[in-house]
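S.K.: I would like to see how this sequence folds:
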Amino acid sequence: MRRLVATLVIATMGVPLMLWAVNNALTSLSRYGVRVRPIAVQVDAGIATSAVLPIALLATVAITAVVVVKSRRLLGVIPLSELRRHVLVFGPTGSGKTTIALRAVKLAVERGIETIIIDWKGEYSQRVKGATIVRKIRNVWDVPGESAREKALIAVELIREMGRDVIDITPPSSLLLLKVLVEEYGRGIPTTEKIVKVLERHAEIALREGRYAESNMYLALIRRLFVLLVDEERRDEGVDGSPRVVVYDLGGLPSIYLKTLYANYVLTALYRAATKAGMSDGLRTLVIAEEAQNYVRPRRLDEPPSMGERIVNELRGYGVGVVMISPDPEQLPRHMPRDVAAVISTSMHNLPRDIAEMAIDPRTGKARRGVYVFYSGRLYTARRPGPPKTIEAPIETRADQPKTTTTREEAAEAKTEPQAEEEARTAEAEELRLEEDEVEEEVEARPMPAGEIPSNEDASGESGREEAEEVAAREPIGAGQPQARAGLPH
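M.R.: Residues are numbered from 1 along each chain as shown. The predicted structure is shown next:
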């Protein structure tokens, strides 16, 4: 169709101009006495001027309008506003999926739309200049929420999604972790090291009291949280830039489970911010979700949706569009291709089955060439796009924008400052002392088993004091004995 239109435009503009030029040349030659044959068609200069030039002008305007409209659409087909309803991009490795995503980023940045990129492999940091690069979340336990219980629920769900396919946390373990987190969030935002110490102390108390199953569950939780301890020790190498374009660079994370946790953390924070901003019919934020199958997980029809799937399904109502990039449609939930604005595939073999049939040309019986774009019930083919030039993020600062990253010099200065270290040691020592007092009070308040004879320090003399000192030495040195257990929401 495009070739036919181009041919008609060239014929409409070129043929009259060519005849007019030939006629003028022959007229000039006849003035010098050169005998020439008259052409079969005579075109008057006035008629040519009055007819050809308007046609040429209209054709130029039409071509310019088409080019401008297509330049404001993804692959010349999908309007930017339609990205609010989400877009799926499929294709094998190295086929240009990231290039298509960069085209979407360029369109969004040019229109001033906030852009968030979940960069699974670390491909976008060098291609989007001036953006904020987040390589480490300072505290993954600093989750959104209005109360300690709400934060604890979100944190437990994030931990469960982190290793759902391999190290699934059982419901009893989730309940134990939930109780611990409710108490810790009541005191403030905890760290992984703090939570691990609390779990260790609970495990030791449960072991002393003969609750072996509960002790094993606490130890299992510690093993699952070990990767978060590793993450806390990593150096923050993020870069502060434009708050309107943020790249979460997950390429340097040491574990696939940690990448999954970060991706779900970003989606959760986006969902929280979107619900506060309210519903929207337009596109306010664009999210590029690389390797989306790792956190928008495939599932059987009888299985509940994952955390990522639930969030993505609801974000569109708040003006947040997600471009989900995955190698194959089978690696995402089955309903996704039928529930989005458009499906893009760099190969016919990576299209959903019901759409792949439309890729065959009925005249030749062969597959059409190009990038396949299924939009508004039709299958289009577009040229394989080349990589865009470096995208420049808008240079702007915002006073209320929280600082998410630190430079290496700032991190080194914070680590070597003696006053901060001394205050931290003092606070930790005071906390340990209070926790040991709580453990002693709990041991003293515990009812005596039937038949056991209480020890009498007066009667036992020196041996009684030695036994008390030995019991005190065996008391766990943890990071906080919980207060009275808070009630859980029904």
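S.K.: Next, count neighbours for Leu207.
M.R.: Around Leu207 there are 16 other residues, counting by other CB atoms under 10 Å. C-beta: built from backbone N, CA, C; applies to glycine.
S.K.: Please identify the helix or strand for it.
M.R.: Element membership for Leu207 (DSSP states H and E) is helix 192-208.
S.K.: and the next element down the chain from that helix?
M.R.: Per DSSP H and E, the first helix or strand lying C-terminal to helix 192-208 is helix 212-224.
S.K.: Show me what counts as buried in that following helix.
M.R.: Residues Glu214, Ser215, Met217, Tyr218, Leu219, Ala220, Leu221, Ile222, Arg224 are the ones in helix 212-224 that count as buried (16 or more other CB atoms under 10 Å).
S.K.: circling back: list the helices and strands the helix holding Leu207 packs on?
M.R.: Packed against helix 192-208 by the contact rule (3 or more CB pairs under 8 Å, 6 or more residues apart in numbering; DSSP states H and E) you find helix 171-187, helix 212-224, helix 226-233, helix 418-445.
S.K.: And the average pLDDT for that helix is what?
M.R.: Helix 192-208 comes out with an average pLDDT of 94.
S.K.: and what of stretch 94-113?
M.R.: Averaging pLDDT along stretch 94-113 gives 93.
S.K.: just to revisit the earlier point, between helix 171-187 and the helix holding Leu207, find me the angle.
M.R.: With axes from the mean of the first three to the mean of the last three CA atoms, to 10 degrees defining the directions, helix 192-208 sits at 120 degrees from helix 171-187.
S.K.: sorry, back to before: which of the helices and strands packed on helix 192-208 has the lowest average pLDDT?
M.R.: helix 418-445 (a mean of 51).
S.K.: so where is the chain shaky, pLDDT-wise?
M.R.: 1-17, 19-20, 32-71, 163-168, 396-490 (pLDDT under 70).
S.K.: Need the contact partners of stretch 115-127.
M.R.: Applying CB atoms under 8 Å, 6 or more residues apart in numbering, the set of residues contacting stretch 115-127 from outside is 98, 102, 105, 108-109, 128, 131, 133, 244-252, 259, 262-263, 266, 270, 285-291, 294, 390-391.
S.K.: hmm, which of those are the buried ones?
M.R.: Applying 16+ other CB under 10 Å to these, the neighbour count classes 98, 102, 105, 108-109, 128, 131, 133, 244-250, 259, 262-263, 266, 270, 285-291, 294, 391 as buried.
S.K.: Could you tell me the angle between the helix holding Leu207 and helix 212-224?
M.R.: 160 degrees.
S.K.: and helix 192-208, which residues are buried?
M.R.: Buried residues in helix 192-208 (16+ other CB under 10 Å): 192, 194-207.
S.K.: domain assignment for this protein?
M.R.: 2-71, 82-127+237-256+265-392, 137-233 (automatic domain parsing).
S.K.: Save the buried residues of helix 212-224 as CSV, and put in distance to Ile159 too.
M.R.: Listed next are these as CSV, based on distance: CB to CB, whole Å:
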residue, distance to Ile159
Glu214, 18
Ser215, 19
Met217, 14
Tyr218, 14
Leu219, 15
Ala220, 12
Leu221, 9
Ile222, 12
Arg224, 7
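S.K.: What is the nearest of those to Pro171?
M.R.: When the buried residues of helix 212-224 are ranked by distance to Pro171 (CB to CB), Met217 comes first, at 10.6 Å.
S.K.: OK, contacts around the closest one?
M.R.: By CB under 8 Å, 6+ apart, the neighbours of Met217 are Thr170, Pro172, Ser173, Leu176.
S.K.: So the last one versus Leu261, what's the distance?
M.R.: Think Leu176. Distance of Leu176 to Leu261, given as CB to CB, to the nearest Å: 19 Å.
S.K.: can you check the second one too?
M.R.: Pro172 is 21 Å from Leu261, where distance means CB to CB.
S.K.: and the two? which has more neighbours close in?
M.R.: Leu261 (24 against 11).
S.K.: The more buried one contacts Val140, correct?
M.R.: Yes: using CB atoms under 8 Å, Leu261 makes contact with Val140 at a distance of 6.4 Å.
S.K.: Are there residues contacting both of those two? Which ones?
M.R.: Between them, Leu261 and Val140 share these contacting residues under CB under 8 Å, 6+ apart: Leu158, Leu228.
S.K.: circling back to that earlier point, and the angle from the helix holding Leu207 to helix 226-233?
M.R.: Computed by the same axes, to 10 degrees, the angle between helix 192-208 and helix 226-233 is 150 degrees.
S.K.: Could you look up the SS state of Val89?
M.R.: strand (DSSP: H, G, I helix; E, B strand; the rest coil).
S.K.: mind listing what it touches?
M.R.: Shown in contact with Val89 (CB under 8 Å, 6+ apart): Lys97, Ile100, Ala101, Val323, Met324, Ile325, Ser326, Ile344, Ser345.
S.K.: about what we covered before: might you specify the subset of the buried ones among the contacts of stretch 115-127 located within helices?
M.R.: Thr98, Leu102, Val105, Ala108, Val109, Lys259, Tyr262, Ala263, Val266, Leu270 (DSSP state H).
S.K.: in a strand, that's where Tyr380 is, yeah?
M.R.: Yes: using three-state DSSP, the assignment for Tyr380 is a strand.
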